[in-house]
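# Here is the input, now give the coordinates:
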Amino acid sequence: MTKHQKQALMLAVLSTACFVGVGFSIAAGSRWLALIFLLLSIFIIGFGFMVKGKRRKNGTL
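Numbering: from 1, shown residues only. Next up, the predicted model:
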């Protein structure tokens with residue numbers, strides 16, 4: 001597994017964990033915590049797409 005694949009896997013695991021956090025927060029009745037987890041997951045996914053775009057542009061993907 002290359003360095004880039006490990007970083008992509010880490011971002012995928014983090015974003016999935018955030019979505020799980022959203023589910024647990026909704027189940028616990030904490031809307032604010034669910035909103036925080038949702039925004040964090042959107043940020044992580046966006047960051048992953050940004051990194052992937054930069055790698056494609058540089059030819060390192």
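# Now for L11: which residues touch it?
By CB atoms under 8 Å, 6 or more residues apart in numbering, the contact list for L11 reads 44-45, 47-48, 51. C-beta: built from backbone N, CA, C; applies to glycine.
# T60 too?
Residues near T60 by CB under 8 Å, 6+ apart: H4.
# quick check, nearest of the contacts of L11 to F24?
When the contacts of L11 are compared for distance to F24 (CB to CB), I44 wins out at 17.1 Å.
# quick one: that closest one and T2, what's the gap?
20 Å (CB to CB, to the nearest Å).
# Neighbour count for the two, which is higher?
Ranked by neighbour count (other CB atoms under 10 Å), I44 and T2 place I44 first, with 19 against 7.
# these two touch, right, the more buried one and C18?
Yes - under the criterion of CB atoms under 8 Å, I44 makes contact with C18 at 6.4 Å.
# just for the protein, where's the confidence low?
Counting by pLDDT under 70, the chain shows no low-confidence range.
# 90 instead?
By pLDDT under 90, the low-scoring segments of the chain are 1-2, 4, 59-61.
# Closest to the centroid, which residue in it?
Centroid-nearest residue in the chain: S15, 2.9 Å away (criterion: CA atoms, centre = their mean).
# That residue against F47, yeah?
No - when contacts are counted by CB under 8 Å, S15 is not listed as touching F47 (9.3 Å).
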